[in-house]
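Student: Can you look at this prediction? I've put the sequence above it.
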Amino acid sequence: MTNPWFRRLRAARTLGALICGAVVMGSLPAVISPAIAAGSTLPASAEAGAFALAAETGEPVEIIQQRTEDELVYANPDGSLTSETSVQPQRVQRPDGSWEKADATLERRPDGTVGPKAAVVDLAFAAAGSSDLVTLGEEGKSFTLRWPAPLPEPVLDGDTAEYREVLPGVDLLATASVTGYSYVLEVKTPEAARSEELAELRLPVRSEGLELGTSPTGGLQAVDASGERVFGGQAPKMWDSATAGVPADAVPASGPDTPAQEAPDAGAKVVDMTLDVSTTAVTVEPDRALLTAADTDFPVYIDPEAGMSKSEWLYVSSSHPSTEFHKFKDEEGVGRCSAKTIGGIYYVCSGSPYTNRMYFQFATKGWQNRTISKAVFEVYETFAFSCTKSAVNLHMVAEGGVDSATNWNNKPKDGDLLVDRTVAYGRGDSCSPDAPASWVGFADNADESNENLTASVRKKAAGEDSIAFSLRAADEDDPNSWKRFRGDNAKLVVTYNTRPDKPTGERLTNPDEKTCTTDNTKRPWIRDATPRMSVTGTDADSHTDGSGQNLTATFQVWDQDTSRPLVYEGKDGPQNEGKFEREIPVRELKHGGGYRWRAQTYDGSTGSLKNSGYSPWSDWCEFVVDVERPDTEPHVEPVTGEADLPAGTKRHFTFSANGNSDSVFKNDVEFYEWDLGNDTPTRKADPTALGGKATVEVAPSTFGPNVLYVRSVDRAGNRGPLEKYFFTVDRACADVLADTCAAAVYGLDQTSGTTTPDASGHDRDLTVKGADWVAGNNSASDPADKALRFNGTTDHATAASAVHTGQAFTVSAWVRPTSLAKNISVISQAGSQGNGFNLYYSTAYKRWIFGRHISDTADSDLVRAMASSERPATVNKWVHLAGTYDPVARRFTLFVDGEEQGSATVTDVWNATKGLNIGRARYGADWSDPFAGDIDDVRLVPGLLSGTEIFRLANS
């Protein structure tokens, strides 16, 4: 029977010229399955589930979550992965997350435009009456080519829209692909070819987010704002419909006919055209000589193209050595197309013999950590010249030579012969046995030591370099070598395991977190002999499923100073990728030792894949162990001549290590911590050298006794014992009871308003919330004397903190309670959770109390200085209350009507900075103890007043 794949002779046609353009996409983003959308429930690892099913069934299982338009990934029973990467997208993801086969078949849309059923680009051809010939876009960026006049209703034929008679005797054929488009003008007659409208073809353009221009190869390209190419195509060309011809007595044997509008025949005349691109138009100038030559066969075709892809496929032909056949449609030939007698039958591929080769290029981005155990190049053979098998070679070529500008003249030189296959598929039942079209897999043969496809792919993947192949006949002089292959579905199939990534984020916690270094001058000193090491481990095999591959981290600690290098090795995991930690056990590290550590992760691969399951080791991290704290309090020495200075005046103190001696590092004091009135000092003083002296400048704000707290700190952060240095500061005022000598003074002598001034001049004005102005404690002799009356529920007044509650201070006020039924606070200074001081009445003790919370925490106990029973509180009677704090003795003292009543000491020191409160106090997150009664003449002094001075206040 007649072979259905024998090439049909082209019907003779009058001259037609096709002006063509095509555009293809520059790079395709990976598409993640909706199965991992936010809120969905996943197994511990989708990859792990696929591996489990593969092991159970003995068959590969696709990991759906890793599917993209051009790649499928399978989990294999042996624990490896297999990736199938196609040169062109084979599937498209729907808006609901499901997938459908890529399909360039055109369909009409509700708005009248025409577009492919399933493509990875946004593509639309013109509706009837529109001038927008083609619009191509991706991720919100697009451009439109416009025909100079409204277009007619298109006639659809598969992937092609035919706009008839767009010029007299000229049809426009727009063809879609799943990544772009091509269009050609078919000039059908010599009369049409002579039209002046074909002298120059100018198509207006508009774009959004793209800049159009001419590519280095002469084609149209569109780049985004970053300069990255999004769409691009080959240089335009035109050709006529001439064919090579076949003798009448011969059997045609070239394979299925390629329509003239898609590519020129071997006998066609081909001319390159120049493309001019501006911001407003794309212009080509057809070759008038070809259009008007007497030997031109019509139709003539004029052709540009545009689209996008991260891979390439093309063929080159000696029949048209300067013509590019980029991203050809369906199948094309490889080998020698001529004639040969086989079994007495004269088979002819072409009356004008020529040779073709194909080229394919694949991206390997993201493959750097793949350990590839097998690589297979698969291409679909649709036709063979005869049933006699012949060899086809797969060569490595330079990837830079495979692009839209590749033709026979500039084709890349064949490199290593990677694999060959001897095949003859596609002649169906005309062969015995039957030889239908079939996939041909090019894979290394273990019996042939010179085949190295896997090694070559592995090398390219390690550098994430694109890999390119040539497909050619082994004997390009033999007509029997002619075969036809599909281009757009060729695949590179690799079996691999992805090596876990090198661990990062190395940290050592001791308990402070230390960063990683191998700089001997910067390596961290740690004060914990059982520090915790941590790294972040990742594995790219299952990034897209949101959970990661199970990993185990191994930590190693090495001794830098002795002959015992490996001190400790421990593991953490298995667990999903993320943070891995391991604490070094007790007794593994010694004081004074220098060490370094590193970590490596392992993904559990076994058998032949085991070695590929280990990540590179992390960077080395060095550290020194110092567990001894400084053993002496620092020595504090005031600078000579600064003894009797008043408050607010700068003075200087010098700190020294005072004989500190570490058992290994000797005097290793790195700095001193110090503060006034704070027994957890944080101010830092750096000596000029390790173990040396440091001098600080201090300006005490309080007069009377002061305490300077100082301690030594070594390089590991070990803190030595606290030195409490006591010194006295002179008063800055001649009269310590003068308003200007106070930190804040509130006479409360207004008659109205919501604020009252600070008479000390320090601008700590008081804000009044709800209290009323009433007669003061001295109103009998001075009617202008006023006070604030508080209602015992919500009334209060506030100002900024007035005194440092860790240093010496005095607070006083006149008060007249109107109720003693519950606790009432006269004045307090708040921290975050408690009071740095509080002058209040206690119903539990039935007396006045001056005290503070031990610490600024919600559950802190109180320290109380209480009035004696001889001085009970009385309602509706004025009483003078005062409290002092001596930081040297750490003593709170209460005075009632100028007489000392009681005292109490504290162990901790802290400063309340959250504000001064009159008429309330803080307990935890709440305000409580609202005052009921009148308050007058509030005074806060930054120093320790004597009993005599407080008596004067009470009786002035």
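Tutor: Ah, there it is.

Student: Any buried residues in stretch 392-400, and which?
Tutor: 392-397, 399 (16 or more other Cβ atoms under 10 Å). Glycine gets a C-beta too; all of them are placed from N, C-alpha and C.

Student: Next: stretch 591-606.
Tutor: Those would be 591, 593-605, for stretch 591-606 by 16+ other Cβ under 10 Å.

Student: Farthest-apart pair in the buried residues of stretch 392-400, please.
Tutor: Greatest spatial distance among the buried residues of stretch 392-400 (Cβ to Cβ): 392 and 399, at 20.7 Å.

Student: what ranges of this protein fall below the confidence cut-off?
Tutor: Residue ranges of the chain with pLDDT under 70: 1-45, 244-258, 260, 304-310, 347, 541-549, 563, 608, 869-870.

Student: Partner strands of the strand ranked longest in it and their direction?
Tutor: Longest strand in the chain, counting residues (DSSP state E): strand 370-384. Take DSSP bridges as the rule and strand 370-384 pairs in its sheet with strand 438-443 (antiparallel), strand 483-486 (antiparallel), strand 491-498 (antiparallel).

Student: can you list those in JSON lines and add distance to residue 681 and mean neighbour count?
Tutor: JSON lines is the format used below for the strands paired with strand 370-384 (distance: least, Cβ to Cβ, whole Å; neighbours: other Cβ atoms under 10 Å):
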{"stretch": "strand 438-443", "distance to residue 681": "73", "mean neighbour count": "16"}
{"stretch": "strand 483-486", "distance to residue 681": "79", "mean neighbour count": "24"}
{"stretch": "strand 491-498", "distance to residue 681": "52", "mean neighbour count": "23"}
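
Student: In JSON lines: those, plus distance to residue 168.
Tutor: Shown next, in JSON lines, are the strands paired with strand 370-384 (distance: least, Cβ to Cβ, whole Å):
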{"stretch": "strand 438-443", "distance to residue 168": "47"}
{"stretch": "strand 483-486", "distance to residue 168": "38"}
{"stretch": "strand 491-498", "distance to residue 168": "46"}
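
Student: I'd like to know which of those lies nearest to residue 58.
Tutor: For residue 58, the closest of those is strand 491-498, at 15.8 Å, according to Cβ to Cβ.

Student: Going C-terminal from that closest one, what's the next secondary structure element?
Tutor: Downstream of strand 491-498, the first helix or strand assigned by DSSP states H and E is strand 504-509.

Student: list the helices and strands whichever helix or strand comes after that next one packs on?
Tutor: Per DSSP H and E, the first helix or strand lying C-terminal to strand 504-509 is strand 513-515. Using 3 or more Cβ pairs under 8 Å, 6 or more residues apart in numbering; DSSP states H and E as the contact test, the elements touching strand 513-515 are strand 504-509.

Student: Just the CA trace of the strand it packs on, in CSV.
Tutor: Extracted as CSV, the C-alpha positions of strand 504-509 are listed here (Å, rounded to 0.1, in the frame of the first residue of the first chain):
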residue,chain,number,x,y,z
THR,A,504,24.0,28.6,56.1
GLY,A,505,23.3,30.9,59.0
GLU,A,506,25.9,29.4,61.3
ARG,A,507,25.4,30.6,64.9
LEU,A,508,26.9,29.7,68.3
THR,A,509,24.8,30.4,71.4
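
Student: what residues does that strand touch?
Tutor: By Cβ atoms under 8 Å, 6 or more residues apart in numbering, the residues outside strand 504-509 that reach it are 513-516, 524, 526, 531-536, 579, 597, 599, 618-619, 621, 623.

Student: which residues sit in contact with residue 317?
Tutor: By Cβ under 8 Å, 6+ apart, the neighbours of residue 317 are 266, 323, 325, 354-356, 408.

Student: Endpoints of stretch 872-883, how far apart?
Tutor: Using Cα to Cα, to the nearest Å, the end-to-end distance of stretch 872-883 comes out at 16 Å.

Student: Quick one: residues in contact with it.
Tutor: Applying Cβ under 8 Å, 6+ apart, the contact partners of stretch 872-883 are 777, 810-820, 826, 837, 839, 841, 846-848, 850, 865, 867, 892-898, 933-934, 936, 945, 950, 953-954.

Student: how close does residue 130 get to residue 165?
Tutor: Residue 130 sits at a distance of 16 Å from residue 165 (criterion: Cβ to Cβ, to the nearest Å).

Student: When those two are compared, which one has more neighbours?
Tutor: Neighbours per residue (other Cβ atoms under 10 Å) separate residue 130 from residue 165, with residue 130 holding more: 16 against 12.

Student: The more buried one contacts residue 149, correct?
Tutor: No. Judged on Cβ atoms under 8 Å, residue 130 makes no contact with residue 149 at a distance of 10.5 Å.

Student: Now the helix or strand harbouring residue 191: buried residues?
Tutor: Per DSSP H and E: residue 191 is located in helix 190-193. By 16+ other Cβ under 10 Å, the buried positions in helix 190-193 come out as 190, 192-193.

Student: Kindly reformat the buried residues of stretch 591-606 as TSV and extend each row with secondary structure and distance to residue 743.
Tutor: Formatted as TSV, the buried residues of stretch 591-606 follow (DSSP: H, G, I helix; E, B strand; the rest coil; distance: Cβ to Cβ, whole Å):
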residue	secondary structure	distance to residue 743
591	coil	48
593	coil	52
594	strand	52
595	strand	53
596	strand	55
597	strand	53
598	strand	57
599	strand	56
600	strand	61
601	strand	60
602	strand	65
603	coil	66
604	coil	68
605	coil	71
